[in-house]
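Asks: Let's see this in three dimensions:
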Amino acid sequence: MNATDELILKTAELNSGYITVSECEDLGIHKNSVFNLAKKNMLVRQASGIYTLPETIPDELFILHLRFPSLVFSHETALYYLGYSDQVPFVYSVTVPIGFHSKALENYTVIQQKVDFINEGKIEVETEYTNKIPVYCIERTLCDLLHKPSFLDLERFIPALKKYLHSKERDNLKLLDFAKKIGVEKRIRNYMEVAL
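Replies: Numbering: from 1, shown residues only. Take a look at the predicted model:
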């Protein structure tokens, strides 16, 4: 094994078992070196330009994040990963910039958002495989869920709102600020009265 191969594998090892072609190119390594390691079964192709070490358990959401860095996990998916719902979403929800399309997202609920607002309230959480993915903070998530009635599952929303309103992290000003920006201020106030 040459020094380039060793560098690729070491980088993957330091990245929780993941390596992307673009990371290799940033290191001055030609993508063919990655392809050759995959041919030798020393790397496994997970998606276009994304590879893992053979022993790495594929993390669907992290791989999706690596493929589409502008994507943010939102709605029920954010609720689950923030610890405000114990129900794993049947279909994962993602928010992408307006105009973004990909066949790779056809099995997800896709919400489009203006580019200048897509990063508002974006934070990072860990998946069950300890990889970091972007999700919206709880304040934005609660307001996003109220924004489109078709996304509102009251059996998840009400307990999540109650948990938030009784938590130490509660920030009414932040919640109402997102409610105003998203256009659900009146609705969130009504639900807050009910939940309290």
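Asks: only C-alpha atoms for contact and neighbour calcs from this point on.
Replies: Fine.
Asks: Just the C-alphas of the worst-scoring helix or strand of the chain on mean pLDDT, formatted as CSV.
Replies: Least confident helix or strand, the chain: helix 185-195 with a mean of 89, by mean pLDDT, DSSP states H and E. Output of helix 185-195 as CSV, limited to C-alpha atoms (Å, rounded to 0.1, in the frame of the first residue of the first chain):
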residue,chain,number,x,y,z
GLU,A,185,-47.5,33.9,16.0
LYS,A,186,-51.2,33.9,16.8
ARG,A,187,-51.4,30.1,16.5
ILE,A,188,-48.4,29.5,18.7
ARG,A,189,-49.7,31.8,21.4
ASN,A,190,-53.1,29.9,21.3
TYR,A,191,-51.3,26.5,21.6
MET,A,192,-49.0,27.9,24.4
GLU,A,193,-52.1,28.8,26.4
VAL,A,194,-53.6,25.4,26.0
ALA,A,195,-50.3,23.6,26.7
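Asks: Helices of this protein, start to end?
Replies: 3-14, 21-26, 31-39, 60-67, 75-81, 138-147, 154-165, 172-182, 185-195 (DSSP state H).
Asks: right, and the ones you listed - which one's nearest Leu105?
Replies: For the helices of the chain, the distance to Leu105 is smallest for helix 60-67, at 8.9 Å, taking C-alpha to C-alpha.
Asks: List of residues touching that closest one?
Replies: 46-50, 71-72, 127, 131-134 (C-alpha atoms under 8 Å, 6 or more residues apart in numbering).
Asks: how far is the least confident helix or strand of the chain from where the chain is centred?
Replies: Centre-to-centre, helix 185-195 and its host chain are 27 Å apart (C-alpha atoms, centre = their mean, to the nearest Å).
Asks: Go ahead and confirm Pro58 touches Ala47.
Replies: No: checked against C-alpha atoms under 8 Å, the pair Pro58 and Ala47 is beyond contact range at 10.4 Å.
Asks: of the two, who's got more company?
Replies: Pro58 (17 against 14; other C-alpha atoms under 10 Å).
Asks: Would you mark the buried spots in stretch 115-126?
Replies: 118-119, 121-122, 124-125 (16 or more other C-alpha atoms under 10 Å).
Asks: Let me fix that, I meant to ask about stretch 54-62.
Replies: Neighbour count says stretch 54-62 has 56, 58, 61-62 buried, by 16+ other C-alpha under 10 Å.
Asks: between these, which is closest to Pro149?
Replies: Nearest member of the buried residues of stretch 54-62 to Pro149, counting by C-alpha to C-alpha, is Leu61, at 25.3 Å.
Asks: Let me know the pLDDT of the closest one.
Replies: Reported pLDDT at Leu61 in the predicted model: 96.
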